[in-house]
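1. got a predicted structure here, sequence first:
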Amino acid sequence: MRNSQWRLLRISALELRVYSYVPLGGGANYVIPAFIKKKRGIISFVTSKDDLCFKWAMLVKFNDGKAIKSVKTIIPFLKEYQWVSFPVTIDSLDLFESKNPNTSVNVYSYDSQLTLYPLRISKQKRSDHNNLLLYENHYYYIKNLSSLVSTRLDKEKKNTCEKCLLSFRVKKDLTNHEYSCSGRIVRGKNVTCRSEKLPTELLRRNALFVPENLVPDISFSVAVHSALNGAVPEELSEMEPPVTVNDIDNFNRESTDVLINLYTSTNQKIYPLVVTKNSKISSKNRMINLYMSQSKTYYHITSLSRLVRAQVTRNEHSIAICHRCLNHFYSEEALCRHMDLCGPNPEARVRVPSRENCKLNFKKFKYKIRVKIVIYADFETILKPIDRSTLNGNTKFYQRHEPNSFCMLVVNDFDRSTLPRLYRGPDAVKVFFEYLREEADKVIDYMTRYTPYDKSKVSEFDPTMCHICERAIVPPQKAVVDHFHQGDGGPIRGYAHVLCNLEYTEPDYLNIYFHNLVYDGKLLIPYLNEIPGRIHVIAKSDEEYMTFTKYYTKGGFTVKLRFIDSFKILPSSLETLVARLGGRKELFVQTRKVIPDHLMHLTMRKQVFPYSYITDWEKFNETQLPDRSEFFNDLTKEPCSVENYNFVKECWEKFNLKSLGALNDHYLTLDCTLLADCMEHYRNSAHLSHGLDVAHFISTPGFTWNAALYHTRKEIELLTDINMYYAFKNSIRGGLVVCKKRYARANNKYVNPNFDPNIDVPSYLFMVDFNNLYGKVMCDYLPLHSFRWMNDSELQFVRQNILSISNESSEGYFLVCDLSYGRELHDLHSRLLPVLTENITPGNSEYAKLTANLYDKEKYGLHYRSLKMAVSLGVKIKKIHYGIKFHQEPWLASYINKNTALRQQATDKCQQQIYKDLNNMLYGRTLLDKSKHKNVLMISKKRLFLKHVSDPYFERASFIDPQFMIVHKRKKQIYFDFPIYVGASILDISKTYILDYLYNHVATHFGDNVTTVYSDTDCLALYWKGQDAPDPYEIIRKENLKGADSWYDCSGYATDHPCYSPINHKVPGKMSDENCNDPMVEFVGLRSKMYSIRTLLGDKKKCKGIKRYVVEKEITHEDYLRALFLNERHVHSQNVIMSKKLRIYSASVRKTSLDSYDNKVHVWPNNIDTFPLGHYAIVEHKEKMKALSEEIKMHYFERNHDLVDDDIDSTEESHI
């Protein structure tokens, strides 16, 4: 808050996390491994028994780059630096740099595979820049970072980027690269030293300065001095050893001269640990690279390229290495391009597929096998009242959820008579794991069976066709008989290739499905150690786990117990899923085992249960149904209706329930069996239509992606150039949501019965929505293979002919351009919608937001169809920096069309939703970003926990109990092996459809003053007014005359409506009236996702982050009006289920609901109209306001001065 003019009023909550932990640092006495010596990248010095290795590493450079045989040689230079306390840890380096304002220190280290990585990179390269290697608790001065990276001494001189370890042939290229290759601390702070030896392979790289007489605990100081040639700034010299990673990070944050990059290693692989941000790098900075060993010793990295080379390439040609992501390039041009792309991406070692392994196609044919055994389960809890303790002033816990019972249902293809297993008791979770272990034993017994096949039946199958991959078996390929090993008689499945047969194995996992695992998982995780074995977790946050797996071993065979959230597969409430089955009794296979047919009608609706009434175990013994008031729903604040109460009374009587415990068991059993029926119907439908079993996947996006690959059989090229990958990745900008006009009211004959066209000026509000916009785009031409960089002549051709390049050309382009948004476009594009979106950080915002602004764009990456649309609408191309050319075709169209056809043929609403979701979720999967994946570990051993805490990539930990910890770590390595260019292209192309509709239809048919009121990805709200304002329904009716070529899908109107037409029913890409048969009267919007629409029949309100029942019952349309025009800020309370350290509570949360502040646009003084950021009127308005303010101020002082001079009485002066 320094210099911010803000004052701290109070601290409402404070969370302090303390770990048993030793700071990461250097100072141990150590003999340099041979493999580092051979690199000839560090300067060695004689060993010493003190803790001053950092000091000697920083000072050895004063010995003309030669090895130091005696410390006495460099003692005269001790005053060059202000030292920190010894031994120096990584955390101390920030203090060291702060004490030595002209010094920066990079630290590098080696992992267990002897791969060099940046352990700490200074945020600012200063005049006295030092690279240190911290290895085996010992600092070494790196005189040649390139040598340390390489496997052998390169013939050509290398210039290595100290942050990402990229090397360059010439210094100029490295300088250009450093301006864009940024970084920050990659791991948690304060890791401690441990004594280890530098691996031989690391020393061989000749990239570290390894003093021969390094004193413990000052390896950082020695490394910095080595890197800075003695010109160490005061803030560095004053850093007290041990210098920690936190110290280095703090130093880089404050330093304006020296910047320190820090690297470490695991398994001899180099990873960046602290990398200087792009914004701090300039020609005035000195940057030093330091390596920190596993024992937290710092070494000056003398050659980052040599240090990293062995892990990135075996090619002997000259390479350039990025010091931030450790990728390598073979040309200066590639590296220069990379420096513009690397900055926004994660600080880690980044890998892409090799050219030999860059083809993606469907290979997991074992997903065709139906998983024979799965489990469906559910828990119920007691809601124990607790004191209104507070998490903070706005959050109050009022109930604690404690498990009381569970139901487990095994669906087994071999035994279809299985019934649900139910248990109720205080130890429900422990008993659940006992039952689960029994089922796991059965699965292992099943998996270890072997039944030979009947050879007499082999002749019934075709030996020339592989039934697995569905391709011919051509000599010299051999055909083998594939049969089901575990079934009775070993039934033959067909002939197969040898390799196909080997991979076509039964799954080694047992799926346990919970509908909303986010809730039940918190009950299970603390007890996972009830079953021995390791745990694997896929997490979104500390309190939300997508799935977790327990590895259970018996008799040498391991089965994976996969806990899966069925909500990620069928994302609807169980009530909705059951309703979609349409009451077809034949689909309720599991439920009919426990419910008689004549009572099945009582199960096909939402059940009623008094959750809040069950506050203790005694309630289960009650033999009378509670009063209707006890069925009050605390979460939605709804009383139980008479209809629902009569329904539960009927269930009580018809199912002969004798107690509330029996009602609980009945309710729980139905939840479990109904979930099983819905999931099994989905599995059967999807397996029949797509040939794959959903049970192999943890979510529908994963299933639909594999189903698309299996259906299309296309071979997709994975990007082998990290710059190409980053170019596409950085262009992903999401769907635009913006409120452009904050208030509008319609007045026309459809909404006002007293409207007089001779007196009143007509105005209209109209909201349209694109039918399956992303599904439409996925049927278009999309990138597939043959990616390469474009040459100058190709770039020139595209620039000159962009408007004539066909959308269906076999060659597509991705371009990075400088674009000019001319002032003459501002008014029109402000009224409709700016054509180019951009992630920027608006004023007074802490994070970037997607905005549609009118700024000129620099190095803006986009698909050629998006550029084509922008140019057609007036945007000028200033320069095309570079481009990527690729082969494109509509390779997803057949899969999308198949699902569309299946949806039309569906016999129930459940199937209709299934095939709709398969298309919608396929788009989301194409945007898979592995850099966002988290590394979460569940640990039950204290020794292992302490090891992870000391890891440079440790972030935080949660303690479930003294014997069970959850550790969050940063990823040190990311492997980009997904075609993200598909998702990037879909996003860009989808925006062209919206712009095409706005500028080529709306602008020409709806009048010259039509305004976009609100935009939300594929939805638009429009407003226009004027004496000649066109009637929207007349426009649509005329469009309908075009038949299938009409813009609109009018099947949603009433059949007697003049606009009704069934022709384009649900056709992707067509526009639908969002308010069919119910015209809009008034719109009031506060900002994105916060608006209210008044129609003839009622209000439609949106308020992001607020529960639906609050929006519907407690917030009115008038509240939105008051928030807008009176600047009222509304706060509402809502009841939610939340967790803290995996303990579940009901809580009352006070939260801001309505607020008119919006910084994604510039709001005009009338509080209604807005301008996109960058509009010329904003600048002019601010200048006029400033000039007017100065004029008023000057007039006041002149007037005041005259009054005083004329000795006017104080009354008149005060009045003036």
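-> Yes, it's here.

2. contacts, neighbours, all on C-alpha from now
-> Will do.

3. name the SS class of the nearest residue to residue 1077 once chain neighbours are set aside, please.
-> The shortest distance from residue 1077 to any non-neighbouring residue, by Cα to Cα, 6 or more residues apart in numbering, is to residue 1053 (6.1 Å). Using DSSP: H, G, I helix; E, B strand; the rest coil as the criterion, the local structure at residue 1053 reads coil.

4. is it true that residue 1053 touches residue 1078?
-> No - in this structure, residue 1053 is not within contact of residue 1078 by Cα atoms under 8 Å, at 9.6 Å.

5. which one's more surrounded, those two?
-> In this view residue 1053 and residue 1078 are compared by other Cα atoms under 10 Å, and residue 1053 has more residues nearby, 19 against 16.

6. list the contacts of that one.
-> Contact analysis of residue 1053 by Cα atoms under 8 Å, 6 or more residues apart in numbering lists 1059, 1060, 1061, 1076, 1077.

7. let's verify the first one: helix, strand, or coil?
-> Spelled out, that is residue 1059. Assigned by three-state DSSP, the conformation of residue 1059 is coil.

8. so for it, what's the pLDDT?
-> Note for residue 1059: predicted pLDDT of 93.

9. before we move on, what about the fourth one?
-> Confidence per residue is given as pLDDT, and for residue 1076 that number is 87.

10. Three-state assignment for it, please.
-> Residue 1076 is classified as coil under three-state DSSP.

11. what is the burial count for it?
-> For residue 1076, the number of neighbouring residues by other Cα under 10 Å comes to 18.

12. list the contacts for it?
-> Per Cα under 8 Å, 6+ apart, neighbours of residue 1076: 1052, 1053, 1054.

13. measure it to residue 1021 for me?
-> 14 Å (Cα to Cα, to the nearest Å).

14. what values do phi and psi take at the nearest residue to residue 337 once chain neighbours are set aside?
-> The shortest distance from residue 337 to any residue other than its chain neighbours is 7.0 Å, reached at residue 723 (Cα to Cα, 6+ apart). Backbone geometry at residue 723, expressed as degrees, to the nearest 10, gives phi -70, psi -40.

15. isn't residue 723 right up against residue 336?
-> No - here residue 723 does not reach residue 336: they are 9.9 Å apart, not a contact under Cα under 8 Å.

16. residue 407 belongs to a strand, doesn't it?
-> Yes - inclusion of residue 407 in a strand is indicated when three-state DSSP is applied.

17. identify the farthest-apart pair in the contacts of residue 1053.
-> Spatially, the most separated pair among the contacts of residue 1053 is 1061 and 1077, at 13.6 Å (Cα to Cα).

18. look at the two and report which has more neighbours.
-> Set residue 1061 next to residue 1077 and count neighbours by other Cα under 10 Å: residue 1061 wins out with 20 against 15.

19. what's in contact with the helix or strand where residue 870 lies?
-> Using DSSP states H and E, residue 870 sits within helix 864-872. Taking Cα under 8 Å, 6+ apart as the criterion, the residues outside helix 864-872 that touch it are 802-803, 807, 812-815, 835-836, 877, 988-989, 991-992, 995-996.

20. over to stretch 467-477?
-> When contacts are taken as Cα under 8 Å, 6+ apart, the neighbours of stretch 467-477 outside the stretch itself are 365, 463-466, 479, 493-497, 500-501, 504.

21. show me where the stretch 801-950 of the chain has strands.
-> Under the criterion DSSP state E, counting those that start in this stretch, strands of the stretch 801-950 of the chain are mapped to 811-820, 837-840, 849-852, 857-863, 876-889, 935-939.

22. in the third one, what's buried?
-> To tie it back to what came earlier, the one meant is strand 849-852. Neighbour counts over strand 849-852 (16 or more other Cα atoms under 10 Å) mark 849, 850, 851, 852 as buried.
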